[in-house]
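**Student:** fold the stuff below for me.
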Amino acid sequence: MKALFRCDATAQVGFGHLSRCLALAEALRLEGVAALFAGQFDDNAQAKIGEAGFDCAALSDPVNTREARDEVGPILSDGAYDFVVLDSYQADETYLAGLAAMEPALVAIDDFRLLAEYPCDAVLNFTWEAPELGYLDGPALLLGPNYLLVRRTLVERRAASAARERPEALRNLLVLIGGADPKGLTRRLVQILSEAHTDLCLRVIAEDTDPMKALVSQFADGSAALPRQPDISDHLAWADAAVTGGGLIKYESAYMGVPVAAIAQNEGQDGETQVFARAGLVYDLGLADAVSDTDLAASLDQFLGKAALRQTMAARMREAFVPDPSANAAQTLLEAIGR
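**Tutor:** This is a model prediction of the structure:
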């Protein structure tokens, strides 16, 4: 069997769509499904795809720039693909219908149920609120965190990381906004942390580490500013707590049992982070454009200073996820589309 993954990944778009597609492709590979990635990919994204052991077809334009048949029709023309997996906020009903009109089955990875209808064979939405979003009958629905798409390295490290008793007095703090940081949140957070928390061992992962080095040097021995990592499992397993962006990375942290505080980069992330916070799985730092440095510092003090809050969160995380949600998603999808 073969699957075509259609997503984009650049510094502008971010890398969350690619990361979760890679997670699903890795799980499908365990079921005997080969995968090709097609999209607008920058050099970093193409490297990630190659490191995961998959091939890619680089397209010149983002999703829905052209009609679906013109965009991926030449790839699908030989009839070699059994299904297509689409993951993009740019896709609308017309684009989905164009993909669905071609022979392979169509799976849409979704977040916010922004479309009025989903003309496809299956919808996968692993967000916490997905079961309450009111998807219409039609496609098979894989909804909620039992279908969380996480990379195999996280699955392999999850049991030990989630079981680890993280200390009441924090030492190791990971700062990782996610695949892209267009608002400069990494530097903003580290600057705020440097005013009151230099006793911490800080590990910062960022696209550009040079502006971070002087700031990070103020923290405890062992602190470091690191470039983007192909595998974050070691860093999450190391962390006593994490400060992240409001996208996929907060889910990955929670899955690994790492108490996490998240700052949203946009309104979509903000609303979804609020839902995740009500479930007890993240400490909500607010929307980046709306929260002042003073309020952000106060929230960070609260999160870092309250051991009971973090311990309660870690306990909730241990019970909230199945051991291998990516494999669960792959197996259920194959059953749903009858392949």
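**Student:** what ranges does this protein have for its strands?
**Tutor:** Secondary structure of the chain, counting by DSSP state E: strands at 2-7, 34-39, 55-58, 83-87, 105-109, 122-125, 140-143, 172-176, 201-205, 224-226, 241-245, 260-264, 283-287.
**Student:** now for the second one, which elements pack on it?
**Tutor:** With contacts defined as 3 or more C-beta pairs under 8 Å, 6 or more residues apart in numbering; DSSP states H and E, the secondary structure elements packing on strand 34-39 are strand 2-7, helix 16-30, strand 55-58, helix 68-76. The C-beta positions use only the backbone N, C-alpha and C, and glycine is treated the same way.
**Student:** that older thread, mind checking the strands of the chain for the one nearest to residue 328?
**Tutor:** In terms of C-beta to C-beta, the element of those nearest to residue 328 is strand 140-143, at 8.7 Å.
**Student:** ok, and what's touching that closest one?
**Tutor:** For strand 140-143, contacts defined as C-beta atoms under 8 Å, 6 or more residues apart in numbering pick out 121-126, 130-131, 133, 135, 329, 332-333, 336-337.
**Student:** the same query, at a cut-off of 10 Å, please.
**Tutor:** 105, 107, 109-110, 113, 118, 120-127, 129-133, 135, 147, 328-329, 332-333, 335-338 (C-beta atoms under 10 Å, 6 or more residues apart in numbering).
**Student:** in ChimeraX, how would I select the buried members of the residues you listed?
**Tutor:** Of the contacts of strand 140-143, the buried ones go into a single ChimeraX selection, burial set by 16 or more other C-beta atoms under 10 Å:
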select :105,107,109,110,113,118,120,121,122,123,124,125,126,127,129,130,133,135,147,328,329,332,333,336,337
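**Student:** of the contacts of strand 140-143, which belong to helices?
**Tutor:** Among those, the ones falling in helices (DSSP state H) are 328, 329, 332, 333, 335, 336.
**Student:** you'd agree residue 20 is up against residue 110?
**Tutor:** No. Using C-beta atoms under 10 Å, residue 20 makes no contact with residue 110, being 11.1 Å away.
**Student:** any common contacting residues for those two?
**Tutor:** With C-beta under 10 Å, 6+ apart as the test, residue 20 and residue 110 both reach 87, 124, 126.
**Student:** look at the second one and report its pLDDT.
**Tutor:** Think residue 124. Residue 124 is assigned 98 on the pLDDT scale.
**Student:** same deal with the first one?
**Tutor:** Residue 87 is assigned a pLDDT of 97 by the prediction.
**Student:** what do you get for the one 3 residues further on?
**Tutor:** Looking at residue 90, its pLDDT stands at 94.
**Student:** surely it touches residue 13?
**Tutor:** Yes. Counting by C-beta under 10 Å, residue 90 does reach residue 13; the two are 8.8 Å apart.
**Student:** mutual contacts of these two, please.
**Tutor:** With C-beta under 10 Å, 6+ apart as the test, residue 90 and residue 13 both reach 62, 63.
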